[in-house]
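# pasting the sequence and the predicted coordinates here, then a few questions.
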Amino acid sequence: MDLTTNYLGLRLKNPLVAGASPVSRDIGMVRQLEDSGIAAVVVHSVFQEQIEHEAMRADHFDEFGAESHAEAITYTPRSTASAYGPDQYVEHVRRIKEAVDIPVLASLNGTTTGGWTTIARSLQDAGADGLELNVYQLATEQYQSAEDVENQYIDILEAVRESVNIPVALKLSPYFSSLSHFATRLDRAGVDGLVLFNRFYQPDIDLDNLDVVPNLTLSAPHEMRLPLRWIAILDPIVEASLAATTGIYTWSDVLKLLMVGADVTMLCATVLRNGPNAVVEILTGMQSWMEEHEYESVHQMQGSMNHRTCAAPAAFERANYIEALQEFS
Ligand SMILES: Cc1cc2nc3c(=O)[nH]c(=O)nc-3n(C[C@H](O)[C@H](O)[C@H](O)COP(=O)(O)O)c2cc1C
């Protein structure tokens, strides 16, 4: 059975990729993921703030990730982020590359153009097979239009693309007013892949201390339906590779996402909760389903159930919405 897929021009042995997470801080864990069958790994992000101010607050991000879920603690190494300046990050990517045979993608996380994007070149020199750009930003500026926000993404993409010749993917939020239009713009600007979607971590209010507190809750399985819908819509209209991320826990999630057109599926929460064995279980389940249903390759199912066959996608989505409301009892 042929499980290979193509992502960002890289040939992967199967469509399972370890998404950016603190798991990649531990090179031993990355090796274990490779042994379990993962086809590529995205290293946790280096942040613009880290690069611009060296020893900044990035430790804060995975500290609360590690502590907020009992299940996450086992597989989430204690934070060493404060020890991670940009040089250490580049060195870490180099060491991961030396330790494994699978493709390694580095992750750049920032919101504006500027000197910080020059790290892209160092990551390429360190052996990164590709870059994932994560523009994690809430558009809170009252006078910044939707077009201004989109232009910011394009500017960052172009700045990074100018300094490297490895493929560059962009991790997007689902909150664009016209995602199909924006994805097409990114496609034309030469993005190699879209990673759908970034999860926004909604803060909470601590009533005892009257304080706003960060709160990282791991995704729930039903959340994979958001990338499922959008990959079904975008696959027929963009050239870029499509990666699904959020709420992917089981082999059936992976098969559904492939059917709507995903090139790869990224695993994060399930690896944090269940460790590398999650990969083994998904691969085994996928293969037995494919065997039973006489699929010979992943390629055969990719995009077999998406909007390509739908003449009026907006009407189709609206009809489904009305039906869902009316059939509820
Ligand atoms: C503890 C934790 C740390 C993460 N760190 C990063 C990161 O450094 N860069 C990034 O782009 N995404 C990061 N993510 C987001 C994941 O890559 C992924 O997109 C998101 O968790 C949704 O996938 P999931 O439902 O499988 O967890 C992180 C997620 C978690 C839970």
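Structure's in. What do you need? Quick caveat, the model's predicted, so the values are computed rather than measured. Numbers count the residues shown, from 1 in each chain.
# from now on I want contacts and neighbour counts done on CA atoms only, so please keep to that.
Noted.
# local confidence estimate at Asp253?
With respect to pLDDT, Asp253 has a value of 98.
# how about it, nearest residue that isn't a chain neighbour?
Setting aside the residues directly before and after it, Asp253 is nearest to Met224 in space (CA to CA, 6 or more residues apart in numbering), at 7.3 Å.
# burial count for the closest residue in space to Ser304 that isn't next to it in sequence?
Distance criterion CA to CA, 6+ apart; nearest residue to Ser304, sequence neighbours excluded, is Met259 at 5.2 Å. The number of residues packed near Met259 is 21, by other CA atoms under 10 Å.
# and Met259, how far is that from the ligand?
Met259 is 19 Å from the ligand, where distance means CA to the nearest ligand atom, to the nearest Å.
# measure Thr4 to Ser241 for me?
According to CA to CA, to the nearest Å, Thr4 and Ser241 sit 14 Å apart.
# right, I mislabeled it, should have said Trp230
In terms of CA to CA, Trp230 sits 13 Å off from Ser241.
# again, but for Leu133
Per CA to CA, Leu133 is found 14 Å from Ser241.
# ok, those two, which is more surrounded?
Leu133 (28 against 21).
# for the nearest residue to Met29 once chain neighbours are set aside, phi and psi?
Nearest residue to Met29 in three dimensions, chain neighbours excluded: Val23, at 6.6 Å (CA to CA, 6+ apart). When read as degrees, to the nearest 10, the backbone of Val23 gives phi -50, psi -30.
# I'd assumed Val30 was in contact with Val23.
Yes. Using CA atoms under 8 Å, Val23 is in contact with Val30, at 7.2 Å.
# measure Asp208 to Gly110 for me?
Taken as CA to CA, the span from Asp208 to Gly110 is 33 Å.
# mind jotting down where the helices sit in the chain?
Remark: helices assigned in the chain by DSSP state H are 27-36, 48-53, 58-67, 70-75, 86-99, 119-125, 146-163, 179-188, 225-234, 251-260, 269-274, 277-292, 298-301, 313-327.
# reformat those as a markdown table; add distance to Leu16.
Output for these, formatted as a markdown table (distance: least, CA to CA, whole Å):
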| stretch | distance to Leu16 |
| --- | --- |
| helix 27-36 | 10 |
| helix 48-53 | 28 |
| helix 58-67 | 23 |
| helix 70-75 | 18 |
| helix 86-99 | 18 |
| helix 119-125 | 23 |
| helix 146-163 | 25 |
| helix 179-188 | 23 |
| helix 225-234 | 15 |
| helix 251-260 | 8 |
| helix 269-274 | 11 |
| helix 277-292 | 8 |
| helix 298-301 | 12 |
| helix 313-327 | 28 |
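# and those helices, which one is worst for confidence?
Among the helices of the chain, helix 70-75 carries the lowest mean pLDDT (a mean of 43).
# what does the chain put close to the ligand?
For the chain, the contact set with the ligand under CA under 6 Å from any ligand atom comprises 19-22, 44-45, 62, 65, 134, 198-199, 218-219, 245-248, 267-269.
# ok so, going back, quick one, what contacts the residue nearest to Asp253?
Neighbouring residues of Met224 by CA atoms under 8 Å, 6 or more residues apart in numbering: Thr245, Thr246, Gly247, Ile248, Asp253.
# got a pLDDT number for it?
Among the per-residue scores, Met224 shows a pLDDT of 95.
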